[in-house]
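**Q** model this:
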Amino acid sequence: DCRQYTNRSCEECLKNVTCLWCASSRRCVEYPVRRILPPADLCELRSARWGVCWVNFEALIIAMSVVGGTLLIMLGVCCCCCCCKKKSKKQVLRGAFLSTRPDKDDERAAREREKRRVRQEERRAEMKSRHDEIRRKYGTV
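**A** Predicted coordinates:
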């Protein structure tokens with residue numbers, strides 16, 4: 001029972017991990033395990049000690065918030081850096097393989113160029129045959 005350590009020392013009270021030391025009232029009480037933080041009517045956060053005597057709950061909450069926030073920011077920065085690296089590698093790879101792996105627009109443009117070339121060849125042949133016919137008609141061949 002934690003109450004037996006009341007009016008003794010913090011170190012004696014906290015030897016039992018289920019106990020909470022309240023420095024302002026010098027009471028040793030059971031830690032309210034159903035709640036994360038001890039209620040104010042049990043002990044104020046700045047006076048509550050649990051685990052070690054040299055850190056109060058208020059400082060513990062602030063320190064954990066700062067450490068947690070720093071870790072979250074670092075995680076976000078790392079994710080952004082990794083995403084940017086992957087994006088730049090992808091663009092470099094895409095540029096390197098552009099000639100070996102043409103996309104649909106390039107293929108479509110090549111097909112259209114080929115069609116135009118074939119039509120132009122047909123027109124040239126047709127014009128040549130007309131000119132040859134005219135030359136034969138007038139005997140200039």
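
**Q** Report the central residue of the chain.
**A** The centroid of the chain falls nearest to residue 79 when counting by CA atoms, centre = their mean (3.8 Å).

**Q** what secondary structure does that residue sit in?
**A** With DSSP: H, G, I helix; E, B strand; the rest coil as the basis, residue 79 sits in helix.

**Q** roughly how far apart are it and residue 58?
**A** Per CB to CB, to the nearest Å, residue 79 is found 32 Å from residue 58. C-beta coordinates here come from the backbone N, C-alpha and C atoms, glycine included.

**Q** now do residue 13
**A** Applying CB to CB, the value for residue 13 to residue 58 is 19 Å.

**Q** Between those two, which has more neighbouring residues?
**A** Shown here are residue 13 and residue 58; by other CB atoms under 10 Å, residue 13 has more neighbours (25 against 14).

**Q** List the contacts of the more buried one.
**A** Contact analysis of residue 13 by CB atoms under 8 Å, 6 or more residues apart in numbering lists 2, 5, 6, 19, 20, 21, 28.

**Q** next helix or strand past the helix or strand bottoming out on mean pLDDT in the chain?
**A** Ranking every helix and strand in the chain by mean pLDDT, DSSP states H and E puts helix 57-96 at the bottom, with a mean of 83. The element immediately downstream of helix 57-96 (helix or strand, assigned by DSSP states H and E) is helix 104-138.

**Q** Show the average pLDDT along that following helix.
**A** Summarised as a single mean, pLDDT over helix 104-138 is 92.
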